[in-house]
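Visitor: One predicted model, sequence on top.
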Amino acid sequence: MDLTLFLPLFEILGTVAFAVSGAFVAIGKKMDIFGVAVLGLTTALGGGVIRDLILGVTPPVMFRTPSYAFLAVVTAVIVFIPAVRRFLTARQALYDRVLLLFDSVGLGVFTVVGVQAAHGAGFAGNLFLQIFVGTLTGVGGGILRDVMAQHTPYVFSKHVYASASLAGALLCAILWRFIGGAPALIAGAALTFLLRLCAAHFRWSLPRA
Amino acid sequence: MDLTLFLPLFEILGTVAFAVSGAFVAIGKKMDIFGVAVLGLTTALGGGVIRDLILGVTPPVMFRTPSYAFLAVVTAVIVFIPAVRRFLTARQALYDRVLLLFDSVGLGVFTVVGVQAAHGAGFAGNLFLQIFVGTLTGVGGGILRDVMAQHTPYVFSKHVYASASLAGALLCAILWRFIGGAPALIAGAALTFLLRLCAAHFRWSLPRA
Amino acid sequence: MDLTLFLPLFEILGTVAFAVSGAFVAIGKKMDIFGVAVLGLTTALGGGVIRDLILGVTPPVMFRTPSYAFLAVVTAVIVFIPAVRRFLTARQALYDRVLLLFDSVGLGVFTVVGVQAAHGAGFAGNLFLQIFVGTLTGVGGGILRDVMAQHTPYVFSKHVYASASLAGALLCAILWRFIGGAPALIAGAALTFLLRLCAAHFRWSLPRA
């Protein structure tokens, strides 16, 4: 059974989780509903857009399959509704857990989708590029979110996050050469997912100065 | 009579208004004259540059018709002159009104020029892309300005602004299919212009969390 | 003797200096080791990546000669080691002087490499583009560093810096037409280097509002 068939499903979960995180940051910054939608969209799809510009894929994939952009905007707008936020806040513990799960899924799947995009753009021989754009797809949206909201990027300071993406991209890109794309995608996404989840649970952090 | 002949004239007014707004933000941040020029340039032309990268138009239009870049830099440098700022400050009410007018013209014309650029780059069939890059051309420079000057982007919190651009881009892109480019450009620019002006006058704001 | 043979050597010094400056900013912002590596990399190579996107060179040069990226990351990680920072801090005066020298070399050589890249991408006739991407290659990484670390970009407020890069790019681009690429590269880099060094020594600053 081809597990990569589930990638789009996981991308959907990740898109929702990333959009929610962008929307909450925008709300915290007192942006209006338009800003909330834009920050949700940017967080969910911004990494992929920069990746495509680097790969020379224009217009970026986001503009060819607008359903993900639509999903991100709708998600952000739903989060904007006060009743929804009250509902979520009242169930903070459960909500935190679900969001962490979705966010970890998103980080894993976005990372390997980035590696896949580098192959698709004809750079099967450039391991460095694959790993770079894999990680960029995973964490680029979060960096853009924090830059637009005037935060120091969380991905560089919170529990092992960007490095979980880097590890998955590395594994995926290397395995691809030996066992082919499909199992490499699964393995890379799973590694990132598990690292991120364990890091949050066990409070792993990278050294800091 | 072909009203689109006036588009370049309106682009000039918009370039001046956007460059002035960038220059004032830079001055407020105590940047030197070089920073003031760069922020004026970025505010006026930055949205168009990102648009062209997304459309795969390289080098961006800004580098083929440098007269707009020249105009933006000269405008910013003029604003930098203390005597000019004193002159403007002494006539604050009039100056505010003129700048609002120019800025609204700029927002309207930049928006539809963005929609037009998407058509010119061969994406006549991609409505989503047209609307996205239209709005990006309208507000992207202002976002870059605020990110470089460490503000939360004003376009996401002040009176209906980015949404005025979005509405004009939407109207322009849709009308284009039915009544052709020229009237669509006029109608889209007019809608954005009027929405922006009314929003400032009547203090319309989008809901905020 | 062809002095341009030394350009790669100077690029190495510049890469080290820029990576060090990025790493120190990241450390000051309490980022983890991953963030320090990313900020070092971004400061050293970010200007060149944006330049290549504007020139339509994809993937950017950074991904074809990954040795510079490797050097920047290794440099940032070395700076991250507490013992290394203690060693440097104990010799602050010497260290400041060496870093200033390297940074000035980097600014000079990155600037003319940017002008050269515009020629290489087929824009030998577009002086404005050459000067723009030359300056962008010189100061773009520093701007990205400051935006990611939530500073107002230093390049727009500290001693003549971006304008030293602009002057060198201008000289290089103009001389290129009359005396050819090699001497133009040397002259432009030397001018930027000297201006930057003198500005730091004599505390030259551009006017500020």
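Guide: Great, that's in hand. Numbers count the residues shown, from 1 in each chain, chains lettered A, B, ... in the order given.

Visitor: Run a quick neighbour tally on residue A:101.
Guide: 16 (other CB atoms under 10 Å in any protein chain shown). Every C-beta, even on glycine, is put in place using the N, C-alpha and C of the backbone.

Visitor: That one sits in which helix or strand?
Guide: Using DSSP states H and E, residue A:101 sits within helix A:92-120.

Visitor: How about that helix and chain C, any contact?
Guide: No - Helix A:92-120 stays clear of chain C (CB under 8 Å from any CB of the partner chain), getting no nearer than 8.6 Å.

Visitor: C-terminal to that helix, what's the next element?
Guide: helix A:127-148.

Visitor: Nearest spatial neighbour of residue A:43, chain-adjacent residues omitted?
Guide: residue A:22 (3.0 Å; CB to CB, 6 or more residues apart in numbering or on different chains).

Visitor: For the helix holding residue A:101, give the mean pLDDT please.
Guide: If you average the pLDDT over helix A:92-120, you get 92.

Visitor: Could you do stretch A:28-45 as well?
Guide: 92.

Visitor: If we go by neighbour counts, what in that stretch is buried?
Guide: The neighbour-count check on stretch A:28-45 (16 or more other CB atoms under 10 Å in any protein chain shown) flags A:29, A:31-45 as buried.

Visitor: for the helix or strand where the residue nearest to residue A:43 lies, packing partners?
Guide: If you go by DSSP H and E, residue A:22 is part of helix A:7-28. Counting contacts by 3 or more CB pairs under 8 Å, 6 or more residues apart in numbering or on different chains; DSSP states H and E, helix A:7-28 packs against helix A:33-55, helix A:67-80, helix A:92-120, helix A:127-148, helix A:181-202.

Visitor: Residue A:165 is nearest to which of those?
Guide: Distance to residue A:165, taken as CB to CB, is lowest for helix A:127-148 among the helices and strands packed on helix A:7-28, at 3.5 Å.

Visitor: That closest one and chain B, any residue contact?
Guide: Yes - applying CB under 8 Å from any CB, one finds helix A:127-148 in contact with chain B at A:147, A:148.

Visitor: Can you list the helices and strands that that helix packs against?
Guide: Going by 3+ CB pairs under 8 Å, 6+ apart, helix A:127-148 lies up against helix A:7-28, helix A:33-55, helix A:92-120, helix A:162-179, helix B:127-148, helix C:127-148.

Visitor: Can I get those in a markdown table including distance to residue A:72?
Guide: Formatted as a markdown table, these follow (distance: least, CB to CB, whole Å):
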| stretch | distance to residue A:72 |
| --- | --- |
| helix A:7-28 | 4 |
| helix A:33-55 | 4 |
| helix A:92-120 | 11 |
| helix A:162-179 | 19 |
| helix B:127-148 | 13 |
| helix C:127-148 | 23 |
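
Visitor: Which among those helices is found nearest to residue B:195?
Guide: helix B:127-148 (11.4 Å).

Visitor: and the angle for the closest one with helix A:127-148?
Guide: Relative orientation of helix B:127-148 and helix A:127-148, computed by axes from the mean of the first three to the mean of the last three CA atoms, to 10 degrees: 70 degrees.

Visitor: mind checking how far helix B:127-148 is from the chain centre?
Guide: Distance of helix B:127-148 from the chain centroid (CA atoms, centre = their mean, to the nearest Å) equals 8 Å.

Visitor: and it, C-alpha only, in CSV?
Guide: Taking Å, rounded to 0.1, in the frame of the first residue of the first chain, the C-alpha atoms of helix B:127-148 are listed here in CSV:
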residue,chain,number,x,y,z
LEU,B,127,-8.1,34.6,-11.5
PHE,B,128,-6.7,33.8,-8.0
LEU,B,129,-3.2,34.8,-9.1
GLN,B,130,-4.4,38.0,-10.7
ILE,B,131,-6.2,39.1,-7.5
PHE,B,132,-3.3,38.1,-5.3
VAL,B,133,-0.7,40.0,-7.2
GLY,B,134,-3.0,42.9,-7.7
THR,B,135,-3.4,43.3,-4.0
LEU,B,136,0.3,42.6,-3.4
THR,B,137,1.2,45.4,-5.8
GLY,B,138,-1.1,47.7,-3.9
VAL,B,139,0.0,46.9,-0.3
GLY,B,140,3.3,44.9,-0.6
GLY,B,141,5.5,48.0,-0.5
GLY,B,142,3.8,49.3,2.7
ILE,B,143,4.3,45.9,4.3
LEU,B,144,8.0,45.9,3.4
ARG,B,145,8.3,49.4,4.7
ASP,B,146,6.8,48.5,8.1
VAL,B,147,8.8,45.3,8.4
MET,B,148,12.0,47.1,7.7
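
Visitor: Nearest residue to the closest residue to chain B within chain A in space, please, no chain neighbours.
Guide: Closest contact between chain A and chain B, by CB to the nearest CB, is at residue A:35 (2.6 Å). Nearest non-adjacent residue to residue A:35, counting by CB to CB, 6+ apart: residue B:156, 2.6 Å away.

Visitor: what do you get for residue A:161?
Guide: That would be residue A:155: by CB to CB, 6+ apart, it lies 5.0 Å from residue A:161.

Visitor: wait, what's in contact with the one you found?
Guide: A:139, A:142, A:143, A:146, A:161, A:162, C:35 (CB atoms under 8 Å, 6 or more residues apart in numbering or on different chains).

Visitor: coming back round to it: could you list the buried residues of the helix holding residue A:101?
Guide: Buried, per 16+ other CB under 10 Å, within helix A:92-120: A:99, A:101-119.

Visitor: how far does that helix sit from the chain's center?
Guide: 5 Å.

Visitor: repeat for stretch A:84-98
Guide: That offset, for stretch A:84-98, works out to 21 Å (CA atoms, centre = their mean).

Visitor: circling back to that earlier point, list the contacts of the residue nearest to residue A:35.
Guide: Going by CB under 8 Å, 6+ apart, the list of residues near residue B:156 reads A:26, A:31, A:32, A:34, A:35, A:38, A:39, B:162.

Visitor: which one of those is nearest residue C:79?
Guide: Using CB to CB, the contacts of residue B:156 come closest to residue C:79 at residue A:39, 32.7 Å.

Visitor: Angles on the backbone of residue A:84, please.
Guide: phi -70, psi -40 (degrees, to the nearest 10).

Visitor: what about the spatially closest residue to it that is not a sequence neighbour, distance to residue A:41?
Guide: Using CB to CB, 6+ apart and skipping the chain neighbours, the partner closest in space to residue A:84 is residue A:78 (5.7 Å). Going from residue A:78 to residue A:41 by CB to CB, to the nearest Å gives 13 Å.

Visitor: Quick check, pLDDT for the residue nearest to residue A:35.
Guide: 76.

Visitor: and the helix or strand of chain A with the lowest mean pLDDT, how far from the chain's centre?
Guide: Using mean pLDDT, DSSP states H and E, helix A:82-90 stands out as the lowest-scoring helix or strand of chain A, at a mean of 88. The chain centroid and the centroid of helix A:82-90 are separated by 24 Å, computed with CA atoms, centre = their mean.
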